[in-house]
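A.B. asks: sequence first, predicted coordinates after that:
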Amino acid sequence: FEARYDYETVVKGRKLGAVDKYRVRKKYPLPVSISDGSGSCLFGVNRDLFTPQVRRILWDHYHREKFPDTTLKIIIAKESGLTFAQVNNWFKNRRQRDRMAMNKKRMVNYNKIGL
């Protein structure tokens with residue numbers, strides 16, 4: 001951002017403050033694909049963590065127990081290499097998606113019946 005800061009300093013005719021720099025960063029965001037080379041994205045979402053093997057572990061546990069307790073979530077996190085929060089969010093999101101699909105299916109059935 002240094003080049004942008006320099007340009008904005010010349011245009012404004014004064015030194016940029018914190019708010020000015022914030023506005024420059026908001027106006028000219030960096031691309032999502034920038035990485036530090038470690039395999040993790042600096043910006044955006046890194047979806048590489050949920051490999052097919054990790055998804056299989058999560059799905060296998062989900063089919064056995066839709067509401068796992070804390071200790072089981074910790075075990076799943078160690079098994080999959082994810083954090084506890086990621087496992088917790090995955091189960092929460094999966095249950096919500098299942099509910100949404102079920103509600104959508106009900107609506108289609110009601111429409112077919114004519115209710």
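C.D. replies: On my side now, so go ahead.
A.B. asks: whatever helix or strand R106 lives in packs against which elements?
C.D. replies: Assigned by DSSP states H and E, R106 falls within helix 84-113. Counting by 3 or more C-beta pairs under 8 Å, 6 or more residues apart in numbering; DSSP states H and E, the packing neighbours recorded for helix 84-113 are helix 52-64, helix 70-80. In short, each C-beta sits where N, CA and C put it, glycine included.
A.B. asks: quick one: closest of these to D6.
C.D. replies: Comparing the helices and strands packed on helix 84-113 against D6 with C-beta to C-beta, the closest turns out to be helix 52-64 (44.0 Å).
A.B. asks: now the closest one against helix 70-80, angle please.
C.D. replies: Per axes from the mean of the first three to the mean of the last three C-alpha atoms, to 10 degrees, the angle that helix 52-64 makes with helix 70-80 is 160 degrees.
A.B. asks: what comes up buried for the helix holding R106?
C.D. replies: By 16 or more other C-beta atoms under 10 Å, the buried positions in helix 84-113 come out as Q86, V87, N88, W90, F91.
A.B. asks: with mean neighbour count added, can I get the helices and strands packed on helix 84-113 in a markdown table?
C.D. replies: Formatted as a markdown table, the helices and strands packed on helix 84-113 follow (neighbours: other C-beta atoms under 10 Å):
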| stretch | mean neighbour count |
| --- | --- |
| helix 52-64 | 13 |
| helix 70-80 | 15 |
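A.B. asks: to Q96, which of those lies closest?
C.D. replies: Judging these by C-beta to C-beta, what sits closest to Q96 is helix 52-64, at 12.6 Å.
A.B. asks: what mean pLDDT does that closest one have?
C.D. replies: Confidence over helix 52-64 (mean pLDDT, whole number) is 95.
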